[in-house]
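J.: I'd like to go over a predicted model; first the sequence, then the structure.
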Amino acid sequence: MASFRVGTRGSALATTQTGMAARALSELGGRDHEIVLIKTEGDVNMAPLTKIGGTGVFVAALRQALLDNTCDVAVHSLKDLPAAGYPGLVIGAYSVREDVRDALCAADGHTLATLPEGAVIGTGSPRRAAQLKLARPDLNIVGIRGNVDTRLGRVRREGREVIEGKQGDLDAVVLAASGLIRLGREEFVTEYLDPSVMLPAPGQGALAIEARATADGAVEEELASMLAGYDHLPTRLAVVAERSVLRTLAAGCAAPIGGYATYNEDSGELKLDVIVANVDGSEHVTASGQITVDHNETDAEASADALGASVAEELRHSAAHLITRENHFG
């Protein structure tokens, strides 16, 4: 049976994640796969994401590769994928979700509570920056870019070699726990930040498998069975609700908004918590909602989408002053 081509960015995290997904798909479909490396704007332009279009810059080239038939599927970190649909493409599957939390990687084993006053924390995420300031207004947040090891290497560390030969200049960085776990970098985590302290990015921890769509919006037939076997429906319901908030509010990938949905397969309860903040963390508004949904129902995904839209509308009324173009909405 013919092999299939899997498009990915070339970073260590991207290729690791893609390899995991590709091997699982190969086993499900009984087909070999080929990895196709695609260079994106986000890989070559190290300007702040807020200046170059948000994390969507990591996916445009991958999507074009799909449309150009350079690859058959593309693997994305879902939190990097814009919430609006893309003509000619469809998300064919979502992975089982990894740890959704953000992780503090700090010098001297510090936690968020024990970091010294005025500690310098690196992150490229306005969402993380805002919630760090909410928890610790005294912290000094600086914007950073680069791959996982580059960012870890900027943390001051004594008694061992620094990563990539760089001298640390930060007291801590905050990264997605899922990426650190997939790369085997858990040793650098000094605290996993509970969602009650820092709500993750919508979709964080999940991988999305995107493919070309047929005229009716379905996955192409030769890939449909394989992707259906890989798809994790509880994850799909949770992330659909989260991403519905972004789409309803026209929130860009750089907007300081966190969202986390949980689905209980036994009770059918789908619960969603969302936070919208000022970029500087000086003000925030939260909203929550929940519904009961049977994941076997044909309209289960639509129900999850409706939950996200409902919570977003609540936020639109209560946090209109925060949902502005200057705050990366619209």
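T.: Perfect, thanks for sending it. Numbering: from 1, shown residues only.

J.: Please, where are all the helices along the stretch 201-330 of the chain?
T.: Taking DSSP state H, counting those that start in this stretch to define them, one finds helices in the stretch 201-330 of the chain at 221-230, 233-248, 300-318.

J.: Can you tell me which of those helices is most buried?
T.: helix 233-248 (a mean of 24; mean count of other Cβ atoms under 10 Å). All C-beta spots, glycine's among them, are computed from the backbone N, C-alpha and C.

J.: And that one, what does it pack against?
T.: strand 89-94, strand 257-263, strand 269-277, helix 300-318 (3 or more Cβ pairs under 8 Å, 6 or more residues apart in numbering; DSSP states H and E).

J.: Listing partners with orientation, what would you give for the third one?
T.: In other words, strand 269-277. Strand 269-277 has the following strand partners under DSSP bridges: strand 257-263 (antiparallel), strand 284-292 (antiparallel).

J.: between it and helix 233-248, how big is the angle?
T.: With axes from the mean of the first three to the mean of the last three Cα atoms, to 10 degrees defining the directions, strand 269-277 sits at 40 degrees from helix 233-248.

J.: all numbers from here: first residue = 223
T.: With the count now opening at 223, the last piece we talked about shows up as strand 491-499.

J.: tell me which residues of strand 491-499 are tucked away?
T.: By 16 or more other Cβ atoms under 10 Å, the buried positions in strand 491-499 come out as Leu492, Lys493, Leu494, Asp495, Val496, Ile497, Val498, Ala499.

J.: now, among those residues, which is nearest to Asp393?
T.: Among those, Ala499 lies closest to Asp393 (Cβ to Cβ), at 21.9 Å.

J.: still on that earlier bit, redo the strands paired with strand 491-499 as TSV? Include distance to Ser233, mean neighbour count and mean pLDDT.
T.: Shown next, in TSV, are these (distance: least, Cβ to Cβ, whole Å; neighbours: other Cβ atoms under 10 Å; pLDDT from 0 to 100):
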stretch	distance to Ser233	mean neighbour count	mean pLDDT
strand 479-485	24	26	97
strand 506-514	31	16	97
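
J.: quick one: contacts for the residue positioned nearest the centre of the chain?
T.: Residue closest to the mean C-alpha point of the chain, counted by Cα atoms, centre = their mean, is Lys301 at 2.1 Å. Lys301 is in contact with Thr277, Ala398, Pro422, Ala423, Pro424, Gly425, Gln426, Gly427, Ala428, counting by Cβ atoms under 8 Å, 6 or more residues apart in numbering.

J.: Show the backbone phi and psi for the last one.
T.: Geometry field for Ala428 lists phi and psi as phi -110, psi 150, criterion degrees, to the nearest 10.

J.: ok so, going back, where neighbours are concerned, which of the contacts of Lys301 has the most?
T.: The most crowded member of the contacts of Lys301, judged by other Cβ atoms under 10 Å, is Pro424 (31 neighbours).

J.: Fine by me, thanks again.
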